[in-house]
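A.B. asks: what follows is a predicted structure for the sequence shown.
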Amino acid sequence: MVHRVTLFPLNVTGLLLGIVATATIAVSGAYSHTLWPLGADATLALRASGWALAAFLFFFLLYRARAGVVISLRAVLLSSVLLCVPLMLTQPAFAGDLYAYVAGAKVAAIGNPYVLTPSVLGTDVILNGVAPVWRGQPSAYGPLWNLMASGLGHLTTNAFALLTSFRLLALAGVLTCAWLIAKATSPMHAALIALNPIVLVDAVADGHHDILVGLGVLAAVAWFRRPARSALALAGATAFKFVPLIVAPVLIASGAPGKRRVLGAWFALAVVSLLVVSFMPFWVGAPTFDGLRQQASLFSQPVFFPQFLIFIFAYLGGSAVHPEVLARGLGLFAFLVAYAWTFLAAWRQRISPVAAVAIVLASYIFLAAPYVQTWYLLWLLPVLALLPTRQAVRWVGATSVAWGTMLLVTSLHTVQIHW
């Protein structure tokens, strides 16, 4: 097979235009005013043009993928790294979670992040980038992430070094996802993730560790025929954030009838063991989950989400039930119906493990999650890339475009931070 790296946008011209797009997005991010005063109009113009160029290149990439064009994995990985260079040299593009990670690392270096809150850092300048709602909340993340953050916090307290470290971790997550996808399918499928502007901005520019959660879920599916590896991968994802645990039952149901008990035993052993070991340095009983409970009490759905629409209709209709309660209840009911159907379909071997996990994650994000952010898509997109080519192009493309549109529409502002 011939590697067609001379076809646009897989050639040098496409790569250079991609770097222009990511650079434009980077310099016009929501926190860009902390580096240079571009002005609101100039920032908006740059941001819109950067995303327009990125979308054009991504559409072309989808077209090439659907046509069956072949590309080498090396070209995909190298292109991904080069596209990320501008994103790593500026402030976050849309979300300030990266600042919260740095604050969390500093907290974990001095005490228990499940007990202490970022407010203990006092006048530390990094708190200027942390939203007030998070400054008084203990960690809601899994113990493996806090162990990693604590290790980084003990190595250095320099904010720039920590910011760069978290971004490098995210970039490593993107590249590893691409490698796994390429091994399971093809390098072009990997390109749907590694060259996806939504993935690169949410994962690398904004440093979200959700790409590491997505990597764990992806590995659990890709290694499904190897129960020990699959179970350990899902356990790792669960120890970063607890949500991936919901895919364990459908993965077990997807197993061969005579191997489900063995598969279930591996998953139970891996998840319980890793959680117990990684929680040991932090465990303080029920208060360990105070941060998780506080976050779960929030209700925030992006525009166009089913729960958001239910909330609006209930509010405008003057429902006797609080609109938030109605939206949560109906969303959860719809998710449970979708989950039950998926479990039965997987049990009867009517859908693949890839499809089962994708349906469960999508149903949770769109229907049941009480608090949703755009980077949660990083849990789902790598799994969608494992689908057959036409389905992968269709679902990765449609989901990315819809999410990207929502991200652009809801983020056309500049966050005011005074360092």
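C.D. replies: Looks like it arrived, so ask away. Numbers count the residues shown, from 1 in each chain.

A.B. asks: quick one, helices of the stretch 251-400 of the chain?
C.D. replies: Taking DSSP state H, counting those that start in this stretch to define them, one finds helices in the stretch 251-400 of the chain at 260-279, 290-296, 306-316, 323-347, 353-363, 377-384, 389-410.

A.B. asks: er, the stretch 101-250 of the chain actually
C.D. replies: Counting by DSSP H, counting those that start in this stretch, the helices of the stretch 101-250 of the chain are 132-135, 143-155, 159-184, 187-194, 197-200, 210-222, 227-238, 248-253.

A.B. asks: wait, which of those is closest to residue 328?
C.D. replies: Closest to residue 328 of these is helix 132-135 (C-beta to C-beta; 19.2 Å). C-beta here means a position set from N, CA and C on the backbone, and glycine is covered the same way.

A.B. asks: other SSEs contacting the closest one?
C.D. replies: Counting contacts by 3 or more C-beta pairs under 8 Å, 6 or more residues apart in numbering; DSSP states H and E, helix 132-135 packs against no other helix or strand.

A.B. asks: now it: buried residues?
C.D. replies: Neighbour counts over helix 132-135 (16 or more other C-beta atoms under 10 Å) mark residue 134 as buried.

A.B. asks: mean confidence for that helix?
C.D. replies: For helix 132-135, mean pLDDT is 86.

A.B. asks: what are the contacting residues of that helix?
C.D. replies: The contact list for helix 132-135 (C-beta atoms under 8 Å, 6 or more residues apart in numbering) reads 100, 103, 117-119, 127.

A.B. asks: mind running it again at 7 Å?
C.D. replies: The contact list for helix 132-135, computed with C-beta atoms under 7 Å, 6 or more residues apart in numbering, reads 100, 117-119, 127.

A.B. asks: where in the stretch 1-150 of the chain is pLDDT low?
C.D. replies: 1-6, 33-35 (pLDDT under 70).

A.B. asks: cool, the stretch 301-419 of the chain as well?
C.D. replies: Applying pLDDT under 70 to the stretch 301-419 of the chain flags residues 301-305, 315, 317-321, 407-419.

A.B. asks: I'd guessed residue 211 sits against residue 171; true?
C.D. replies: No - Residue 211 is beyond contact range of residue 171, at 8.7 Å (criterion: C-beta atoms under 7 Å).

A.B. asks: looking at the two, which is more packed in?
C.D. replies: Shown here are residue 211 and residue 171; by other C-beta atoms under 10 Å, residue 211 has more neighbours (28 against 22).

A.B. asks: hang on, the earlier thing: so which of the helices of the stretch 101-250 of the chain gets nearest residue 285?
C.D. replies: For residue 285, the closest of the helices of the stretch 101-250 of the chain is helix 143-155, at 14.1 Å, according to C-beta to C-beta.

A.B. asks: check which residues of that closest one are buried.
C.D. replies: Across helix 143-155, burial judged by 16+ other C-beta under 10 Å covers 143-150, 152-153.

A.B. asks: now render the residues you listed as a markdown table, adding distance to residue 61.
C.D. replies: What follows is the buried residues of helix 143-155, written out as a markdown table (distance: C-beta to C-beta, whole Å):
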| residue | distance to residue 61 |
| --- | --- |
| 143 | 38 |
| 144 | 33 |
| 145 | 31 |
| 146 | 36 |
| 147 | 37 |
| 148 | 32 |
| 149 | 34 |
| 150 | 39 |
| 152 | 34 |
| 153 | 38 |
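
A.B. asks: quick check: closest non-adjacent residue to residue 239.
C.D. replies: residue 144 (3.5 Å; C-beta to C-beta, 6 or more residues apart in numbering).

A.B. asks: check residue 387 too.
C.D. replies: In space, and not counting its chain neighbours, residue 387 is closest to residue 354: 5.9 Å by C-beta to C-beta, 6+ apart.

A.B. asks: got a list of what the one you found touches?
C.D. replies: Contact analysis of residue 354 by C-beta under 7 Å, 6+ apart lists 221, 383, 386-387.

A.B. asks: tell me the contacts of residue 109?
C.D. replies: Shown in contact with residue 109 (C-beta under 7 Å, 6+ apart): 150, 153-154.

A.B. asks: try it again with 10 Å
C.D. replies: 149-157 (C-beta atoms under 10 Å, 6 or more residues apart in numbering).

A.B. asks: closest one of the buried residues of helix 143-155 to residue 272?
C.D. replies: residue 143 (12.7 Å).

A.B. asks: so the closest residue to residue 112 other than its chain neighbours versus residue 139, what's the distance?
C.D. replies: Ranked by C-beta to C-beta, 6+ apart and with sequence neighbours excluded, the top spatial neighbour of residue 112 is residue 282, at 5.4 Å. With distances taken as C-beta to C-beta, to the nearest Å, residue 282 is found 9 Å from residue 139.
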